[in-house]
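> A predicted structure for the sequence below; I have some questions about it.
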Amino acid sequence: MFPRRGGQRWQRAADMIQRSQRLSDLYLPIAQEVKAVQEILESELAHDDPIVGDLTRHVQKYHGKMLRPALVLLFGKAVGVTNRRHLAIGAVVEMVLS
């Protein structure tokens, strides 16, 4: 059941939203790596055949928030440092699950 407006549950929900981080804040520590993953995706999905090229450009438009690659990169940062493998895995995860 959704909390009713003006009630105590509603106020708690509003407080939680105010305290929560924005999604964009999660990307700050990995901004360069996310950009590198996007570049990998663009280069891997590029194709000389016009029909295949049109299809891959269409797919690239709808890649979403890049949340799965971001999680791969954040886990990499959490256990040390990210490297080329993290970037490749992030790109693969985005390609497979998009």
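It's in.
> now do the SS call for residue 64.
Using DSSP: H, G, I helix; E, B strand; the rest coil, the structure places residue 64 in coil.
> distance check, it against residue 46.
20 Å (Cβ to Cβ, to the nearest Å). No exception for glycine: its C-beta is placed from N, CA and C like everyone else's.
> okay, these two: which has more neighbours?
residue 46 (12 against 9; other Cβ atoms under 10 Å).
> contacting residues for the more buried one?
53, 56 (Cβ atoms under 8 Å, 6 or more residues apart in numbering).
> quick one: it from residue 67, how far?
In terms of Cβ to Cβ, residue 46 sits 24 Å off from residue 67.
> same question, residue 79
With Cβ to Cβ as the criterion, residue 79 and residue 67 are 19 Å apart.
> quick one: which of those two has more around it?
Legend: neighbour count by other Cβ under 10 Å for residue 79 and residue 67, higher for residue 67 (14 against 7).
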